[in-house]
Each structure stands twice: as structure tokens, then as C-alpha cells.
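Undergrad: this one's structure only:
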């Protein structure tokens, strides 16, 4: 049985995989980008938990990250569409089917990245804060 953390991250990846863009988890940026864009989920950091003692529970505000990348001549509207689709997918179920207490995205900070001999990339990291509790920091 996966840990609470892994179950939440797997559910988040599944949610992103339902979008038209290709969704990867923990992979490197491929040489060619799909036309609809690319999302790469990074597991991120769980941070220091708040602890309650009766019953013993560890309360996390885990910071995962989604790298959003588009390429092409219409990258600005494509990037906007990609980010909006991520936001809509997350807003549709902020508990990921009851696996976490709440999730929220922070605003991306887009950058243009030049590519030799090809159209430049527009990319950003979208921080996703996952609020959840567990009885064991390893479970």
C-alpha cells in the first residue's frame, strides 16, 4: 500500500494526465515538445510538519511543482491555455478524491527560453501546495 504522500502525488499526476498536454512525473525535458504542451510534476518538499499529540498526527503543507512548457509561434496563448487547464483540473476536486485536505496552486512566473535553431520555449513552474495529515511521517 503506498504512503499517503505517494497516493496524493499519484492522484495529482493522474489528474494532470487527463489534460490534453503530455504529463510526466519526475522526468527530464524531452528534445521535442508535444503540440499541446508539456507538464512535468516534481514531487517537491513536504516541509516540516505541524504535530498534534492526541491522536498523533503530522500535518503537512507539501510543496510540489508542475513545470509547464510550450513551444511554437503561438506560445503565449498556448501557455495561457495550458495554465488555465491546470487550474481548472485542480479546482474540479481540491481534495483529490479525499486523499488530501486541500490543494491550491500559486501563480506561475513565466519565462521565455531561447532555443538554437528552433522556436523559443515559454515555461514556468506552478507551485502546488498539498495540505494533508498522516499518522506516520514515513507512511
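TA: It's in. Model, not experiment: these values are computed from the prediction. Numbering: from 1, shown residues only.

Undergrad: distance check, the residue nearest the centre of the chain against residue 102.
TA: Nearest to the mean C-alpha position of the chain, by C-alpha atoms, centre = their mean, lies residue 66 at 3.4 Å. Per C-beta to C-beta, to the nearest Å, residue 66 is found 17 Å from residue 102. Backbone N, C-alpha and C define where each C-beta goes, glycine included.

Undergrad: which strand residues sit across from the residue nearest to the centre of the chain in the sheet?
TA: residue 41, residue 126 (DSSP bridges).

Undergrad: quick one: it and residue 44 touch, right?
TA: No: Residue 66 sits out of contact with residue 44 when judged by C-beta atoms under 8 Å, with a separation of 9.6 Å.

Undergrad: joint contacts of the two?
TA: residue 128 (C-beta atoms under 8 Å, 6 or more residues apart in numbering).

Undergrad: got the buried residues for the longest helix belonging to the chain?
TA: Determined from DSSP state H, the single longest helix within the chain is helix 75-91. Going by neighbour count (16 or more other C-beta atoms under 10 Å), the buried part of helix 75-91 is 75, 78-79, 81-83, 85-86, 89-90.
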